[in-house]
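Asker: got a predicted structure plus its sequence, pasted below:
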Amino acid sequence: MKSYVLDSYAVLTYFQNEKGADQVEEMLRGAVEGKITLFLSTVNLGEVVYITQRKVGEEGRRKLLSALDLLPLTVIDADRALALLAAGIKAKHAISYADCFALALALQSRGAVITGDPEFKKAEKIAPIIWLPEKPKQKP
C-alpha cells in the first residue's frame, strides 16, 4: 500500500478550503477506502495547531483538533529515530526543521510528502513530493 505524509501546508489547505483542498480530500478518500496510508508527524501537527490558534484563537484550535481526530490519518510521534533522521536532513539542507520531519517521515515510511510549500523545492531529491498549488504571495 502506498504511503503519503501530509505536511502542515496540506492540512491547512484542506481545512481552509484553499486551492488544492480537493487533492487533499481525494487522498483522504483513498485512505478511507484503504487504498493508501496517510501520515502526519506530531511536529507538523503542532505547526498546524499553532498557526490555527494564532488565526482563530483557542476555540478554533479545539475545533481543528476535533476535526483532525476524525480524519483517516496516523499521527506519528517524533521518536529518537525520526528526530535523528530529521536532524540529518536539516544539517545538509536549508529547510525548516518542521519540514525536515515531514521529509524524514516520508523516508521512514517509504512514501511521498504532500505539500505546496515552495521550500520543499530544495528537498525534491530527498523524498518524493506530491505538489499542491502554491498560495499566491501576499503583498507586504
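Answerer: That came through, no problem.
Asker: show me what the host helix or strand of A86 is packed against.
Answerer: Here A86, judged by DSSP states H and E, is contained in helix 80-92. For helix 80-92, the elements it packs on are helix 97-109, judged by 3 or more Cβ pairs under 8 Å, 6 or more residues apart in numbering; DSSP states H and E. Where C-beta positions appear, they are placed from N, C-alpha and C, glycine not excepted.
Asker: tell me what the helix it packs on is packed against?
Answerer: Packing partners of helix 97-109 (3+ Cβ pairs under 8 Å, 6+ apart): strand 2-6, strand 36-41, helix 42-70, helix 80-92, strand 112-115.
Asker: tell me where the chain is predicted with low confidence.
Answerer: 137-140 (pLDDT under 70).
Asker: next, the angle from the helix holding A86 to strand 36-41.
Answerer: Angle of helix 80-92 versus strand 36-41, following axes from the mean of the first three to the mean of the last three Cα atoms, to 10 degrees, is 70 degrees.
Asker: give the buried residues for helix 80-92.
Answerer: Neighbour-count burial for helix 80-92, with 16 or more other Cβ atoms under 10 Å as criterion, is recorded at 82-83, 85-86, 89-90.
Asker: any idea how far it is from the chain center?
Answerer: Centroid displacement of helix 80-92 relative to its chain, using Cα atoms, centre = their mean, to the nearest Å, is 17 Å.
Asker: who touches it?
Answerer: If you take Cβ atoms under 8 Å, 6 or more residues apart in numbering as the criterion, helix 80-92 is touched by 41, 43, 76, 78, 95, 97, 100-101, 103-105, 107-108, 123, 126.
Asker: what sits against the closest residue in space to W131 that isn't next to it in sequence?
Answerer: Spatial nearest neighbour of W131, excluding adjacent residues (Cβ to Cβ, 6 or more residues apart in numbering): G116 at 6.3 Å. Shown in contact with G116 (Cβ under 8 Å, 6+ apart): 9-10, 13, 20, 131-135.
Asker: just put the residues you listed in a markdown table and tack on neighbour count.
Answerer: Formatted as a markdown table, the contacts of G116 follow (neighbours: other Cβ atoms under 10 Å):
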| residue | neighbour count |
| --- | --- |
| Y9 | 27 |
| A10 | 28 |
| T13 | 26 |
| G20 | 20 |
| W131 | 16 |
| L132 | 22 |
| P133 | 12 |
| E134 | 14 |
| K135 | 16 |
